[in-house]
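Quick check, what structure comes out for this input:
(one chain, ligands or ions: 1)
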Amino acid sequence: MPPPPPKKPTPSARQMEAHGAPRLDAEVREKIHLEILRRTGAYRTDDHFLLPSGHHAREFIDQVLVTAEPGFAEGLGAVIAKHFAEWPADVVLSTGPGASILAHCVARALPSRPVLFYANKGVQGPQRRVRLPDEFARFVRRGTKVLIVEDLITTGETIKLLIQMVGEAGGTVVGIGCLWQRNSKIDLPMAVFSLVTRDFPTYDPSACPLCRAGRSLNVEFARAAPPIEEPLEVSRPRSRRDRR
Ligand SMILES: [Zn+2]
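As a prediction, this is how the structure comes out:
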């Protein structure tokens, strides 16, 4: 009896994309990632949320819960690391403290054993500000390869500033990895690898179809502290004690 044919290795998602695999594969992957986020409790849907901004929405993504469960955070970080394994990074740069747990998981899973730094961001008047730690300049020289990691991208403005700052330090950004890209039409000098690319509509209360349908409003996230890192309807939820 002839030996069974060798099992074909499963091609990576990126290999499949490179060979023009149908868009369906990307959609399937995204569904898997969404399901993982749903299990962390970070992704909520089929409800009528009052967002911290005052808008209403059917869906909500809570960036704190995304990394609350270490096992899930490590798994998500490993998916991003796997994508970038072919472009060895010397430094992983988190866009802020909020994304640094995910960035740590990415750095830990990367075979190139990069070091990890996180930026600090905020808004000063009309100006968006990003600050890198002083140590960053000691690790980044001409030719240093930097992978930027973000949890949620809405405008991409922080990343744009960071790319510029890495360039000024002499380094080169080799990639941008993120968990959730809320806007597919972001103007960045390079492609973003995101586990989920999905924007969901938010409504002004006066024009909200969920209000019109008479659905009761979920105010669980409404009194969250206003986000300071990004102009998002994404922030920490109220503490359990505050919930009624
Ligand atoms: Zn509504």
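
make it CA atoms for all contacts and neighbour counts henceforth
Will do.

show me where this protein has helices.
Assigned by DSSP state H, the helices in the chain fall at 13-18, 23-40, 63-66, 70-84, 100-109, 134-139, 157-168, 209-212.

so what secondary structure elements neighbour the third one?
I take that to be helix 63-66. helix 23-40 (3 or more Cα pairs under 8 Å, 6 or more residues apart in numbering; DSSP states H and E).

I would like the residues contacting the helix it packs on, please.
Helix 23-40 is contacted from outside by Ala13, Tyr43, Arg44, Leu65, Val66, Ala68, Glu69, Phe72, Leu195, Val196, Thr197, using Cα atoms under 8 Å, 6 or more residues apart in numbering.

picking that back up, redo the helices of the chain as a markdown table? Include distance to the ion.
Shown next, in a markdown table, are the helices of the chain (distance: least, Cα to the ion, whole Å):
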| stretch | distance to the ion |
| --- | --- |
| helix 13-18 | 38 |
| helix 23-40 | 22 |
| helix 63-66 | 22 |
| helix 70-84 | 31 |
| helix 100-109 | 32 |
| helix 134-139 | 45 |
| helix 157-168 | 29 |
| helix 209-212 | 4 |
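
For PyMOL, write a command that selects the buried ones of the contacts of helix 23-40.
Selection command for PyMOL covering only the buried members of the contacts of helix 23-40, criterion 16 or more other Cα atoms under 10 Å:
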select buried, resi 43+44+65+66+72+195+196+197
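
Among the contacts of helix 23-40, which has the minimum pLDDT value?
Least confident of those in the model: Ala13, at 46.

Distance check, Arg58 against Ser206.
According to Cα to Cα, to the nearest Å, Arg58 and Ser206 sit 15 Å apart.

Then Phe49?
For Phe49, the distance to Ser206 - Cα to Cα - is 14 Å.

More neighbours: these two, which one.
Phe49 (24 against 10; other Cα atoms under 10 Å).

from what I can see Asp151 touches Leu179, true?
Yes: with contact defined as Cα atoms under 8 Å, Asp151 reaches Leu179; the gap is 4.9 Å.

Can you tell me what sits against stretch 174-187?
Contacts for stretch 174-187 (Cα under 8 Å, 6+ apart): 76, 80, 84, 87, 89, 145-156, 190-200.

Any of those residues buried? List them.
76, 80, 84, 89, 145-156, 192-197.

low pLDDT regions in the protein?
By pLDDT under 70, the low-scoring segments of the chain are 1-24, 223-244.

So which of the helices of the chain is the most surrounded?
helix 100-109 (a mean of 24; mean count of other Cα atoms under 10 Å).
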